[in-house]
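Visitor: I'd like to go over a predicted model; first the sequence, then the structure.
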Amino acid sequence: ALFSREFYKELLRVLKPGGILYHYIGDPDSKSGGRDTAAVGKRLKEAGFRMVIGAPMAHGLVAAPEKMPKAVLTLANRRAAGQPK
């Protein structure tokens, strides 16, 4: 099923070495955004992604099987002007 643990395991399997996954979820400040972000993050970790971080300005999550490149961490942690931390 789409967005299931098995789906994310398959994405992890086909991800190139050193690759990262960006997953669009939607506005993290929306009514369901926080809940959806937490649920997807949990499934990504259960599937084997070791690094899962929020990318609030991009309305999604970034995941990697190993270390996350520093440039990706910097971009993922950016927030729009006036956006709460």
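Guide: On my side now, so go ahead. Residues are numbered from 1 along each chain as shown.

Visitor: For the protein, which segments count as helices?
Guide: With helices called from DSSP state H, the chain shows them at 5-14, 33-47, 70-76.

Visitor: tell me the most buried of those helices?
Guide: helix 33-47 (a mean of 16; mean count of other CB atoms under 10 Å). Heads up, the C-betas are built off the backbone N, CA and C, glycines and all.

Visitor: circling back to that earlier point, next, format the helices of the chain as CSV and append mean pLDDT and distance to residue 27.
Guide: Shown next, in CSV, are those (pLDDT from 0 to 100; distance: least, CB to CB, whole Å):
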stretch, mean pLDDT, distance to residue 27
helix 5-14, 96, 22
helix 33-47, 91, 5
helix 70-76, 83, 16
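
Visitor: Of those helices, which is nearest residue 64?
Guide: Shortest distance between residue 64 and the helices of the chain, using CB to CB, is found for helix 70-76: 7.8 Å.

Visitor: now for the closest one, which elements pack on it?
Guide: Applying 3 or more CB pairs under 8 Å, 6 or more residues apart in numbering; DSSP states H and E, we find helix 70-76 packed against strand 51-55, strand 60-64.

Visitor: what do you get if the cut-off is 7 Å, keeping everything else the same?
Guide: When contacts are defined as 3 or more CB pairs under 7 Å, 6 or more residues apart in numbering; DSSP states H and E, helix 70-76 packs onto strand 51-55.

Visitor: starting at the chain centroid, how far to the strand it packs on?
Guide: Relative to its chain's centre, strand 51-55 lies at 4 Å (CA atoms, centre = their mean, to the nearest Å).

Visitor: buried set for that strand?
Guide: 51-52, 54-55 (16 or more other CB atoms under 10 Å).

Visitor: show me the contacts for the residue sitting nearest the centre point of the chain.
Guide: Centroid-nearest residue in the chain, with CA atoms, centre = their mean: residue 61, separated by 2.1 Å. Taking CB atoms under 7 Å, 6 or more residues apart in numbering, we find residue 61 in contact with 23, 25, 37, 40-41, 44, 52-55.

Visitor: Closest one to residue 10 out of these, please.
Guide: For the contacts of residue 61, the residue nearest residue 10 by CB to CB is residue 44; the value is 12.3 Å.

Visitor: Report the separation between that closest one and residue 5.
Guide: Taking CB to CB, to the nearest Å as the measure, residue 44 and residue 5 are separated by 9 Å.
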